[in-house]
Structure formats: structure tokens, C-alpha cells
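1. here is a sequence with its predicted model. Questions after.
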Amino acid sequence: MARVAALTCYPIKGCAGTPMEQARLTPAGIAHDRSFMVVSREGVFRTQRRDPRLALIRPAVSPDGRRLTLRAPGADALAVRVDTAGRRRTVDLFGAAYQGIDQGDPAAAWLSEVLGAPSRLVRVPPEHDRVTDGRTPGTSGYADSCALHVLSHSTLRLLDQKLAEQGAPPVPMNRFRPNIVVDGWDEPHTEDRTHRLTIGDADLGYAKLAIRCAVTLVDQETAERAGREPLRTLATYRRAAEGGVAFGTKLAVLRPGTVSVGDEVTVTAWGASELRAAPEPQAR
């Protein structure tokens with residue numbers, strides 16, 4: 001029987017996650033997930049791809065979403081009263097323009113000091129109406145794409161086995177920053193084929209495969225780039241036809257509800273995996 005093994009909320013895009021025993025799923029995913037984002041002075045989002053020190057920032061948002069606490073090694077904790085009514089500004093996420101509410105100078109100064117680069121903190125406005133793509137459309141805050149990222153223990157175990165065959169150490173689950181970790185699926189990459197799921201009293205719909213990026217190369221505890229793994233090994237068996245390597249899936253929330261660690265994961269609709277091996281180069 002498949003069950004939820006772990007739940008994690010990431011209040012600030014790119015920063016450390018908050019483990020949870022129970023989570024409220026909204027149409028945009030776990031409540032407060034990626035509802036904040038660090039941007040440059042020009043409004044361009046910051047990411048661990050360029051600013052790996054984001055991994056050291058450990059945000060905590062109050063259940064009502066009114067207070068955000070920022071912590072990082074070597075810095076005093078900062079409590080921020082969340083502004084949901086202030087002036088909007090345009091922010092850039094992967095070249096797309098969205099609106100954000102600036103969270104003030106103290107948060108900006110704290111982040112700039114920790115990251116070593118001028119930064120501001122913004123929050124999605126209440127009217128945020130982003131539409132995400134994939135097989136099942138949905139919405140999300142400032143996530144890369146869809147509301148939820150799901151990954152299974154069996155999928156990670158297979159990767160670790162392949163890494164061991166190359167003489168490389170295993171990688172922890174947090175390199176992939178999933179919202180929901182599932183245990184009990186014996187076959188690796190079962191999540192590729194789960195097109196409709198029920199967890200707790202929430203219904204989820206498959207949107208697309210999760211295409212991995214250089215964030216997986218960042219050690220989430222030290223913020224140091226750890227070499228070419230796991231992307232090098234993933235490229236040997238998880239290369240997607242559209243480019244990149246796939247590991248885990250992205251889901252949309254079809255019916256909001258509450259999910260808890262230990263909840264049964266019930267698949268109500270199965271489908272074929274969208275992973276397709278990229279064609280081999282033609283000999284010349």
C-alpha cells in the first residue's frame with residue numbers, strides 16, 4: 001500500500017523547505033508554498049542555479065500566513081509582518097511577467113546581507129491567477145511550474161543504485177525538493193503513470209514530468225555545488241524526448257483538502273509514462 005512518507009512546504013522559492021506532518025492543499029498547492037520569492041533590484045527572480053546560498057535560508061510562515069520568520073547561519077532571525085495589500089510591482093519569473101508585493105526594507109537588507117547581492121522579497125498578491133500547463137491545467141504561486149512535485153522512495157533508490165555502480169555516493173531526497181514523498185510503490189517511477197490520485201480528502205491530477213536542472217547539483221545543507229551528479233547518471237536512463245532529464249512528476253490540485261504523513265495514496269486513473277528515449281545521433 002502506498003502512503004505519504006513526507007510533506008514539505010517551501011514558503012520562499014529556492015529556499016529551504018519546512019517539513020510538515022499535515023498540510024492544507026489549496027488550488028495552488030500546499031498552503032503558502034512558493035508564495036514568496038527573492039528578486040534582484042530589477043525584479044528578476046533569484047534561483048539556486050545562480051545563487052546557491054538561497055539553500056541556507058530557512059523560512060517559517062505562520063499558519064495564518066501573516067508572519068514570516070527568516071533564519072540563516074551567521075545571521076540574526078528576522079520576523080516579517082506579511083504585507084498582502086501593498087503596492088504591486090512587476091517581477092520576472094523565467095521571462096514571464098507577474099505581480100509581487102514588496103515585503104519591505106528590513107527583509108531586503110537581511111536577504112542582501114545573507115546572499116551577498118542586492119535583493120528584495122515579494123509575495124504573490126491575492127489576485128494572483130497564474131495558469132499552469134501540462135496534461136492537467138492548474139495554478140501555483142511562484143513555483144517553477146505546477147502546484148505540487150511528487151517523488152517516490154523507489155525512484156530515488158534506483159538512482160542511488162546507479163550512482164553506486166559509478167562509484168558515486170547516494171544523494172538525499174532534498175536535492176530534488178519534492179512536496180510529497182510516497183513510499184510503497186515497489187516499481188521505480190510509478191509516479192510517471194499516476195494520472196489521477198486521491199490523498200486524504202484531496203484529488204490531484206498529473207500535469208507533466210519534472211525536468212531536472214542544476215539545482216540538483218547543490219548540497220542543500222551547505223549550499224555548495226557538489227559536482228556533476230546526479231544529472232550525469234540521470235542522463236544515462238531518464239533522458240526526456242523534449243530535452244533534459246525527468247525525475248518525479250508535477251501535479252495540479254483538482255480538489256483542495258488536507259493531507260497528512262501516513263495517508264494512503266490511491267491511484268484512481270493510470271496512464272502511460274510520457275518519458276520517451278531521445279533518438280540516438282545518426283552516424284555520419
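-> Arrived safely.
2. need the residue closest to the centroid of the protein.
-> Arg177 (5.0 Å; CA atoms, centre = their mean).
3. give me the pLDDT value at that residue.
-> What the model reports for Arg177 is a pLDDT of 98.
4. please look at it and Arg212 and confirm they touch.
-> No. With contact defined as CB atoms under 8 Å, Arg177 does not count as touching Arg212 (10.2 Å). (C-beta placed from N, C-alpha, C; glycine too.)
5. if we can go back for a sec, what helix or strand is the residue nearest to the centre of the chain located in?
-> According to DSSP states H and E, Arg177 maps onto no helix or strand at all.
6. quick check: Trp270 vs Leu254, distance?
-> For Trp270, the distance to Leu254 (CB to CB, to the nearest Å) stands at 16 Å.
7. more neighbours: those two, which one.
-> Between Trp270 and Leu254, Leu254 has the larger neighbour count (other CB atoms under 10 Å), namely 17 against 11.
8. not counting sequence-adjacent ones, nearest residue to the more buried one?
-> Asp203 (4.3 Å; CB to CB, 6 or more residues apart in numbering).
9. show the contacting residues for that neighbour.
-> Going by CB atoms under 8 Å, 6 or more residues apart in numbering, Asp203 touches 196-197, 253-255, 257, 268.
10. mind redoing it with 10 Å?
-> By CB atoms under 10 Å, 6 or more residues apart in numbering, Asp203 lies in contact with 25, 196-197, 252-257, 266, 268.
11. do the same with His149
-> Contact partners of His149, counting by CB under 10 Å, 6+ apart, are 8, 10, 29, 33, 143, 176-181, 191, 210, 248-251.
12. narrow these to those in strands?
-> 8, 29, 180-181, 210, 248-251 (DSSP state E).
13. distance to Val124 and pLDDT added to those, as CSV?
-> Below are those laid out as CSV (distance: CB to CB, whole Å; pLDDT from 0 to 100):
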residue, distance to Val124, pLDDT
Thr8, 19, 98
Gly29, 12, 98
Ile180, 21, 98
Val181, 25, 99
Ala210, 21, 98
Gly248, 23, 98
Thr249, 23, 98
Lys250, 18, 98
Leu251, 19, 98
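14. what is the nearest of those residues to Leu158?
-> Comparing the ones in strands among the contacts of His149 against Leu158 with CB to CB places Gly248 closest, at 12.3 Å.
15. the residue nearest to Gly100 when sequence neighbours are not counted: which element?
-> With CB to CB, 6+ apart as the criterion, Gly100 has its nearest non-adjacent residue at 3.0 Å, and that residue is Val122. Assigned by DSSP H and E, Val122 belongs to strand 120-123.
16. what is the rounded mean pLDDT of that strand?
-> Strand 120-123 carries an average pLDDT of 98.
17. so in that sheet, which strands flank that strand, and in what orientation?
-> strand 36-39 (antiparallel), strand 96-102 (antiparallel) (DSSP bridges).
18. most packed of those strands?
-> Among these, the stretch with the highest mean neighbour count (mean count of other CB atoms under 10 Å) is strand 36-39, at a mean of 26.
19. what sits opposite Val91 in the beta ladder?
-> Beta bridges link Val91 to Tyr98, judged by DSSP bridges.
20. ok, now which ones touch it?
-> By CB under 10 Å, 6+ apart, the contact set of Val91 is 37, 39-40, 42-45, 97-102, 120, 122, 124, 142.
21. would you say Lys162 is within a strand?
-> No. Lys162 sits outside any strand when classified using DSSP: H, G, I helix; E, B strand; the rest coil, being helix.
22. just checking, it touches Thr155?
-> No. Counting by CB atoms under 10 Å, Lys162 sits too far from Thr155 to count as a contact (11.4 Å).
23. who has more neighbours, these two?
-> Set side by side, Lys162 and Thr155 show more neighbours around Thr155, with 26 against 16, by other CB under 10 Å.
24. that one sits in which helix or strand?
-> Assigned by DSSP H and E, Thr155 belongs to helix 153-165.
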